[in-house]
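Q: Fold the following and give me the result.
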Amino acid sequence: MKQLHISLSGFIALILISFLSSCSQINPQQEKAALTELLDEFLTNVDDPDMHDRLWAEDLIYTGSAGTRHGKDVIMDGMSDSEPDTAESAGPAYSFDNLQVKIFGNTAALTFRLIAETPSESGVDTSYYLNSGFFEKRNGQWKAVVWQATRMAESSED
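A: This is a model prediction of the structure:
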């Protein structure tokens, strides 16, 4: 009977080790593609509160380009306070370039140039921001835990 107990314990340990090692094996290229897709989807749907809820971690630390720091709660409160865009009040359309993604196990760092194109009477006003985000994979989903947005200087080269 004692031998059966050791064999059962060994079997359970083997299953656990196998499970943990399969969880820790990630494909960096696949994760980079998933984060790129998430960023693109977020910027395409930036007015959707559900998209913000999906992207930002509950314990987010967000530093905005105006020099203010806040959490997800402030972002979500701002989403519920805003009016839907109309043709006359359309907000900026966002895109990005120069994306770099670095994967560190279940965490990732992103840097990119954010491009904001705002309709104006003279056509489109374009602004650029240097953004950085730090993500953690939680329950199988990437969540931004730290975010920094800095307006680019007019003379700056990315």
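Q: As a check, name the ranges of all helices in this protein.
A: Here the chain has its helices, by DSSP state H, at 2-24, 28-44, 49-55, 72-81.
Q: Show me where the chain dips below the pLDDT cut-off.
A: Low-confidence segments of the chain (pLDDT under 70): 1-25, 81-89, 155-158.
Q: 80 instead?
A: For the chain, the stretches with pLDDT under 80 are 1-26, 80-90, 155-158.
Q: Could you verify my assumption that I26 touches T107?
A: No. Contact status for I26 versus T107: not in contact, 10.7 Å apart, counting by C-beta atoms under 8 Å. Where you see a C-beta, it was placed from the backbone N, CA and C, and this is true even at glycine.
Q: Wait, S80 touches P49, no?
A: Yes. Contact status for S80 versus P49: in contact at 6.9 Å, counting by C-beta under 8 Å.
Q: May I ask you to name the longest strand in the protein?
A: Longest strand of the chain, by residue count under DSSP state E: strand 123-138.
Q: How many neighbouring residues does T68 have?
A: 9 (other C-beta atoms under 10 Å).
Q: before we move on, what about A90?
A: When neighbours are counted by other C-beta under 10 Å, A90 registers 10.
Q: What distance do you get for it to G133?
A: Counting by C-beta to C-beta, to the nearest Å, the separation of A90 from G133 is 25 Å.
Q: My read is that I61 contacts V146, right?
A: Yes. Counting by C-beta under 8 Å, I61 touches V146, with 5.1 Å between them.
Q: So what's the residue count around the closest residue to N98 other than its chain neighbours?
A: Distances taken as C-beta to C-beta, 6 or more residues apart in numbering place R113 nearest to N98, at 4.7 Å, with adjacent residues excluded. Residues near R113, counting by other C-beta under 10 Å, number 16.
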